[in-house]
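[1] pasting the sequence and the predicted model now:
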Amino acid sequence: MAAKQKTLNIGMVGYGFMAKCHSHAWTSAPHFFDTGYRPVLKAVAARSVDKAKAFADQWGYERVEGDWRRLVEAPDIDAIDICVPNDLHAEIAIAAAKAGKMVLTEKPLARTAKEGKPMVA
């Protein structure tokens, strides 16, 4: 009998191609790896709420936010998956880390090493 898995509530920032790839990975990973976690596609945030809603409906996210800050502040989000252009990564990643969230970013992490260093710190 498999051990009880903890949920890992995902907050996705973005809805483009890489957000689709990451969403697919989140839903597929438990079929390949026993991590002890069951990913839950909790919320997606994007400036275009209409496009984010269509994305959420396609991938099964529970809700949509028009501002990534809402995901960072949300007590029901464990991990922030950042799938937006890399010039936007730093602000989101740093805020998420300060809020105690797990942070995942699409590559490259940042535009320069100088920009990436505070993200890592």
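    All right, it came through fine.
[2] next up, the contacts around Lys98.
    By C-beta atoms under 8 Å, 6 or more residues apart in numbering, no residues touch Lys98. C-beta here means a position set from N, CA and C on the backbone, and glycine is covered the same way.
[3] buried residues in the longest helix seen in the chain?
    Counting residues, the longest helix found in the chain (DSSP state H) is helix 17-32. For helix 17-32, the neighbour count (16 or more other C-beta atoms under 10 Å) marks 18-20, 22-23, 26 as buried.
[4] got those residues as TSV, with distance to Gly116 and pLDDT columns?
    Listed next are these as TSV, based on distance: C-beta to C-beta, whole Å; pLDDT from 0 to 100:
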residue	distance to Gly116	pLDDT
Met18	18	96
Ala19	21	97
Lys20	25	97
His22	19	97
Ser23	25	98
Trp26	24	96
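[5] go through these and name the one nearest Val44.
    Nearest to Val44, judged by C-beta to C-beta, of the buried residues of helix 17-32 is Ala19 at 7.4 Å.
[6] how much space separates the closest one from Ala121?
    To Ala121, Ala19 is 26 Å away according to C-beta to C-beta, to the nearest Å.
[7] what do you get for Asp87?
    19 Å.
[8] the two - which one has more neighbours?
    Asp87 (10 against 7; other C-beta atoms under 10 Å).
[9] what's the local residue count around the residue lying closest to that one once chain neighbours are set aside?
    Nearest residue to Asp87 in three dimensions, chain neighbours excluded: Arg111, at 6.0 Å (C-beta to C-beta, 6 or more residues apart in numbering). Neighbourhood size, Arg111 [other C-beta under 10 Å]: 13.
[10] could you look up the SS state of Arg111?
    Classification of Arg111 by DSSP: H, G, I helix; E, B strand; the rest coil places it in coil.
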